[in-house]
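Asks: please work out how this folds:
(chains A and B)
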Amino acid sequence: GAVVSQHPSWVICKSGTSVKIECRSLDFQATTMFWYRQFPKQSLMLMATSNEGSKATYEQGVEKDKFLINHASLTLSTLTVTSAHPEDSSFYICSARDGVADTQYFGPGTRLTVL
Amino acid sequence: GDSVTQMEGPVTLSEEAFLTINCTYTATGYPSLFWYVQYPGEGLQLLLKATKADDKGSNKGFEATYRKETTSFHLEKGSVQVSDSAVYFCALGGRGGKLIFGQGTELSVKP
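Replies: Alright, predicted model coming up:
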């Protein structure tokens, strides 16, 4: 199946710093990518939809100024957690939609820990 | 709005037991339905999907049938293995390609 990578796989940062997470579709072009957040033993919560060449669409309750999303190309979307705080610690997962196969492929996730 | 409800876990079974994980949904129209699996320490993988009523998705011995009349998409496997231990997520396809997930069901298979 198609492969989606995320980098880094884990990151530890100090409170107040910003962290960038990359999501890449390796063998297909993705006009749409999605960013999710997963708390321990809970489901995935959709944060935003990232569309190549346009602004991201954020779900209700997600601060767009805190979670900056850029979809610079058909194979790359980035999520930047700005001024991170301990409550932002979570597992962040991206997915990329293969429009031809009408299927979403998920990255392996990034574990963010904010001290 | 659209939503997905799964049976709560954790579910613990012995190897070779029959598995059913219930999933029901609420949606306008007839969305595609999916089962994703998340193995320990890994990302989500698509297990199977069905795009219209009465479709049966199947993969690796798992199967689920899209039941419009009961708005359900229950996951079944006739004989589970220890390697099937994972968290299983039911999801429906929303507008714009969004996925709406159920809360996940943890399956633990004992030898």
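
Asks: and stretch A:29-41, how far from the chain's centre?
Replies: 5 Å (CA atoms, centre = their mean, to the nearest Å).

Asks: cool, and stretch B:32-40?
Replies: Put simply, stretch B:32-40 sits 6 Å off its chain's centre (CA atoms, centre = their mean).

Asks: could you do stretch B:40-48 as well?
Replies: 11 Å.

Asks: direction included, what does the lowest-mean-pLDDT helix or strand in chain A pair against?
Replies: Using mean pLDDT, DSSP states H and E, the weakest-scoring helix or strand in chain A turns out to be strand A:103-106, at a mean of 87. Its sheet considered, strand A:103-106 pairs with strand A:90-98 (antiparallel) by DSSP bridges.

Asks: what mean pLDDT does the partner strand get?
Replies: Mean pLDDT, strand A:90-98: 93.

Asks: can you name the element that comes right after the least confident helix or strand of chain A?
Replies: Downstream of strand A:103-106, the next assigned helix or strand under DSSP states H and E is strand A:110-114.

Asks: hmm, that following strand in reach of chain B?
Replies: No. Strand A:110-114 lies out of reach of chain B by CB under 8 Å from any CB of the partner chain, never closer than 10.0 Å. C-betas here are computed from N, CA, C, even on glycine.

Asks: how about residues contacting the least confident helix or strand of chain A?
Replies: Residues outside strand A:103-106 that contact it (CB atoms under 8 Å, 6 or more residues apart in numbering or on different chains) are A:1-4, A:25, A:28, A:34, A:93-98, B:36, B:43-46, B:49, B:97, B:99.

Asks: so for stretch A:53-63, what gets flagged as buried?
Replies: For stretch A:53-63, the neighbour count (16 or more other CB atoms under 10 Å in any protein chain shown) marks A:56-58, A:62 as buried.

Asks: what residue of chain A is the furthest out?
Replies: Each residue of chain A has a distance to the centre, and by CA atoms, centre = their mean the biggest one is for residue A:100: 21.6 Å.

Asks: what sits closest to that one if chain neighbours are left out?
Replies: Using CB to CB, 6 or more residues apart in numbering or on different chains and skipping residues adjacent in sequence, the residue nearest residue A:100 is residue A:28, 7.4 Å away.

Asks: tell me the confidence at that neighbour?
Replies: Residue A:28 carries a pLDDT score of 89 in this model.

Asks: how about the strands in chain B?
Replies: For chain B, strands defined by DSSP state E occupy the ranges B:3-6, B:11-14, B:19-21, B:23-26, B:33-38, B:44-50, B:56-59, B:62-65, B:75-77, B:86-93, B:99-101, B:105-110.

Asks: distance from stretch B:99-111 to the middle of the chain?
Replies: 8 Å.

Asks: same deal with stretch A:101-108?
Replies: Centroid separation between stretch A:101-108 and its chain, computed with CA atoms, centre = their mean, is 13 Å.

Asks: that older thread, for the strands of chain B, give me TSV that also has mean neighbour count, mean pLDDT and distance to residue A:13.
Replies: Formatted as TSV, the strands of chain B follow (neighbours: other CB atoms under 10 Å in any protein chain shown; pLDDT from 0 to 100; distance: least, CB to CB, whole Å):
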stretch	mean neighbour count	mean pLDDT	distance to residue A:13
strand B:3-6	18	93	33
strand B:11-14	14	96	36
strand B:19-21	18	97	37
strand B:23-26	18	96	37
strand B:33-38	24	95	25
strand B:44-50	20	93	25
strand B:56-59	15	97	38
strand B:62-65	20	98	39
strand B:75-77	20	98	38
strand B:86-93	24	94	27
strand B:99-101	22	91	27
strand B:105-110	16	96	29
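
Asks: cool, thanks, signing off.
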